[in-house]
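> generate coordinates for the sequence data below:
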Amino acid sequence: MKAFMHALPMLGGLAVLWAAPVATQAAADVNTSLEQRVEQLDQELRVLRRQLEIDHEARDAQALADQQKGIKVTHNGRSVKLASYDNAFVFQPIGRVQVDYAHYDADKQQLGDGTAIRRARLGAQGTVFRVWDYKVEYEFSDSKANPAASGIRDAYISYTGFKPVLLTVGNFKEPFSFEQVSSDSALTFLERSLIDVFAPSRHIGAAVQTSGANWSVAGGLFGERPQDDAASEGDEGTDITGRATWAPFWDNGQVLHVGAALRRHDPNDSTNALRFASRPETNITDAQLVDTGVLTGTDHIDSYGLEAAGEWGPWSLQSEYIGTKVNRKSASDVDLNGWYVLTSWFITGESRPYKVSEGVFDRVTPLGVVGQGGIGAWELALRLSQLDLNDGALVGGKERNLTVGLNWHLTPSIKLQANYIKVLEVDRPGRPTDGDEPSAYTVRAQVDF
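Numbers count the residues shown, from 1 in each chain. Below you'll find the model as predicted:
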């Protein structure tokens, strides 16, 4: 036993000597395994990196191929649009044709039944280098109903890089009058109301406009039309106009709109003359039942407009008032005014689309398109309008009209319209048209794209 006890230390030493090589070999095996694993992960990483490079190269090659394809073609159900694949360049042909016929029940004077190409326009709009928008449109119609409107209509360029502020230069509509700034393709009736005589329409100028979630503001400085050419030398007339709109709500066919506009007009200093006259809301005839004649010696005019509109599903109501004061140098100032109220109802349930950025109603899209299994959109409308060009010694006349309309929107771009216009009153003492109360039956076929 004593000998065994003396042998224990020796046995422990032998065990240690035997275990040391085993531990060393185990550690070496672990290090080798880790190195192999790191090398394997490194190889996998290199493979993934190369795959990403291949994917990026393929994507870049596809982008280059797309660019080399040239253009993509889209449409909105009304017109076709051509654009580069990055939308930096856009080109869209636009145009419209309106063919009218009118029959008159004359009263005191002949008005002249007949037909006319009310509008025949062709143009283009689009974008270049992302932030430059443009529009060019030419009017080819040259009928007696619209002799002054032929030639250049819209011709402008806009810079959109300061969004939501838009800067526009060229020939375009001044921001004044709810009816006038609305596209004639989207009007409820064939013609704008009697008060359109106070609206300036298009002139060469520059404007700034912006809008928010439920409001819009626009203002600008304008000269004359591109076709204007004064008979004698003199500075051309100038306009300063501005319009603001607010829609507390305007979604899901529910719209409430209010607006106001101001205008200061200085006429051409070679004539200092103005004239206000109106046909009875139909342009086939040249007869003008109310007419101020030439107001010579005009220094300037000040106009203001108030507007309101509402829509509840298929029902809509729209109204506008314009007051105009003619400030004259050699005669008494005169105050003129006019207003209208209209209502419409879509029998088929549509609503008039509202564009909050411009504060106007837009074209109607039928729930069912004719030719695609639908019956189109059917709309009944009624308008009462008045224009008063009488003030003191000035007897230009006061006219009140009632118009009943039926519209058939076959597609978003094709529309048929029929209007019955009754002149309820012409108050123009001492003039041949005093008491004249004719009626007009008018129809229109329209296509626009």
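> need the contact list for the residue lying closest to residue 378 once chain neighbours are set aside.
Closest residue to residue 378 apart from its sequence neighbours, by C-beta to C-beta, 6 or more residues apart in numbering: residue 347 at 4.4 Å. For the C-beta atoms, the positions are set from N, CA and C on the backbone; glycine is no exception. Going by C-beta atoms under 8 Å, 6 or more residues apart in numbering, residue 347 touches 314, 378, 379, 380.
> quick one: pLDDT of residue 347?
Residue 347 is assigned a predicted lDDT (pLDDT) of 98.
> cool, and residue 68?
58.
> and the protein, split by domain according to the record?
Domains of the chain are assigned by automatic domain parsing as 29-69, 70-228+235-448.
> flag the shaky bits of the protein, pLDDT-wise.
Filtered on pLDDT under 70, the chain yields the residue ranges 1-32, 61-69, 143-149, 227-234, 269-272.
> for PyMOL, what selects the buried ones among the contacts of residue 347?
Applying 16 or more other C-beta atoms under 10 Å to the contacts of residue 347, the buried members can be selected in PyMOL as follows:
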select buried, resi 314+378+379
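> keep only those of the contacts of residue 347 that are in helices.
Judged by DSSP state H, the contacts of residue 347 include no members of helices.
> restricted to strands, list the contacts of residue 347.
Secondary-structure check on the contacts of residue 347 using DSSP state E: residues within strands are 378, 379, 380.
> re the thing from before, distance of the residue nearest to residue 378 relative to residue 248?
Between residue 347 and residue 248 the computed distance is 28 Å (C-beta to C-beta, to the nearest Å).
> quick one: the ones in strands among the contacts of residue 347 as a markdown table, columns for distance to residue 102 too.
Rendered in a markdown table, the data for those read as follows (distance: C-beta to C-beta, whole Å):
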| residue | distance to residue 102 |
| --- | --- |
| 378 | 22 |
| 379 | 20 |
| 380 | 20 |
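> mind listing the helices for the stretch 301-449 of the chain?
Along the stretch 301-449 of the chain, no stretch is classed among the helices by DSSP state H, counting those that start in this stretch.
> phi, psi of residue 208?
phi -120, psi 130 (degrees, to the nearest 10).
> so residue 77 lies in a strand, does it not?
No - for residue 77, which was evaluated using DSSP: H, G, I helix; E, B strand; the rest coil, the result is coil, with no strand membership.
> gap between it and residue 266?
Applying C-beta to C-beta, the value for residue 77 to residue 266 is 44 Å.
> the more surrounded of those two?
It is residue 266, of residue 77 and residue 266, that has more neighbours when counted by other C-beta atoms under 10 Å, with 17 against 9.
> doesn't residue 224 make contact with the more buried one?
No - with contact defined as C-beta atoms under 8 Å, residue 266 does not count as touching residue 224 (11.2 Å).
> shared neighbours of those two, anything?
residue 237.
> tally up the residues packed near residue 249, please.
Applying other C-beta under 10 Å, I find that residue 249 has 10 neighbouring residues.
> helices and strands around the helix or strand harbouring it, which ones?
In this assignment (DSSP states H and E), residue 249 forms part of strand 238-251. Judged by 3 or more C-beta pairs under 8 Å, 6 or more residues apart in numbering; DSSP states H and E, the packing partners of strand 238-251 are strand 215-222, strand 254-266.
> indicate which one of these is closest to residue 330.
Residue 330 lies closest, by C-beta to C-beta, to one member of the helices and strands packed on strand 238-251: strand 254-266, at 16.1 Å.
> tell me which residues in that closest one are buried?
Those buried within strand 254-266 under the rule 16+ other C-beta under 10 Å are 255, 256, 257, 259, 261, 262, 263, 265, 266.
> with stretch 388-400 instead?
Those buried within stretch 388-400 under the rule 16+ other C-beta under 10 Å are 388, 389, 390, 391, 394, 395, 396, 397, 398, 399, 400.
> can you check stretch 194-201 too?
For stretch 194-201, using 16+ other C-beta under 10 Å, the buried residues are 194, 195, 196, 197, 198, 199, 200, 201.
> next one: phi and psi at the fourth one?
So that's residue 197. Backbone dihedrals for residue 197, given as degrees, to the nearest 10, come out at phi -60, psi -20.
> thought it was touching residue 388?
No - in this structure residue 197 lies outside contact range of residue 388 using C-beta under 8 Å: 11.2 Å.
> quick check: neighbours shared by those two?
By the contact definition C-beta under 8 Å, 6+ apart, residue 197 and residue 388 are jointly contacted by residue 338.
> identify each of the strands in the stretch 201-350 of the chain and give its residue range.
202-211, 215-222, 238-251, 254-266, 277-278, 290-291, 298-312, 315-328, 334-346 (DSSP state E, counting those that start in this stretch).
> including distance to residue 97, could the helices and strands packed on strand 238-251 go into TSV?
As requested, the helices and strands packed on strand 238-251 are arranged in TSV below (distance: least, C-beta to C-beta, whole Å):
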stretch	distance to residue 97
strand 215-222	28
strand 254-266	30
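> separation between the closest residue to residue 93 other than its chain neighbours and residue 86?
Residue nearest to residue 93 in three dimensions, not counting chain neighbours: residue 124, with 5.4 Å by C-beta to C-beta, 6+ apart. For residue 124, the distance to residue 86 equals 20 Å [C-beta to C-beta].
> re earlier: nearest to residue 324, of the helices and strands packed on strand 238-251?
strand 254-266 (8.4 Å).
> which residues touch the closest one?
Strand 254-266 is contacted from outside by 174-178, 200, 237-250, 299-313, 316, 352, 354, 359, using C-beta under 8 Å, 6+ apart.
> and the residues you listed, which are buried?
174-178, 200, 237-239, 241-247, 250, 300-301, 303-305, 307, 309, 311, 316, 352, 354, 359.
> return the distance of stretch 95-113 from the chain's centre.
Remark: stretch 95-113 is offset 29 Å from the chain centroid, using C-alpha atoms, centre = their mean, to the nearest Å.
> could I have the CA atoms of stretch 243-260 written out in PDB?
Included here for stretch 243-260 are C-alpha records, laid out as PDB according to Å, rounded to 0.1, in the frame of the first residue of the first chain:
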ATOM      1  CA  ARG A 243     -58.700  85.700 -59.000                       C
ATOM      2  CA  ALA A 244     -58.900  83.700 -55.700                       C
ATOM      3  CA  THR A 245     -61.100  80.600 -55.000                       C
ATOM      4  CA  TRP A 246     -61.900  78.600 -51.900                       C
ATOM      5  CA  ALA A 247     -63.700  75.200 -51.600                       C
ATOM      6  CA  PRO A 248     -64.400  74.200 -48.000                       C
ATOM      7  CA  PHE A 249     -65.200  70.800 -49.300                       C
ATOM      8  CA  TRP A 250     -64.900  69.200 -52.800                       C
ATOM      9  CA  ASP A 251     -64.900  65.500 -52.700                       C
ATOM     10  CA  ASN A 252     -67.100  62.500 -53.700                       C
ATOM     11  CA  GLY A 253     -69.500  64.700 -55.700                       C
ATOM     12  CA  GLN A 254     -69.900  67.200 -52.800                       C
ATOM     13  CA  VAL A 255     -68.600  70.600 -53.700                       C
ATOM     14  CA  LEU A 256     -68.900  74.100 -52.200                       C
ATOM     15  CA  HIS A 257     -67.100  76.800 -54.100                       C
ATOM     16  CA  VAL A 258     -66.700  80.600 -53.600                       C
ATOM     17  CA  GLY A 259     -64.500  83.000 -55.400                       C
ATOM     18  CA  ALA A 260     -63.700  86.600 -56.200                       C
END
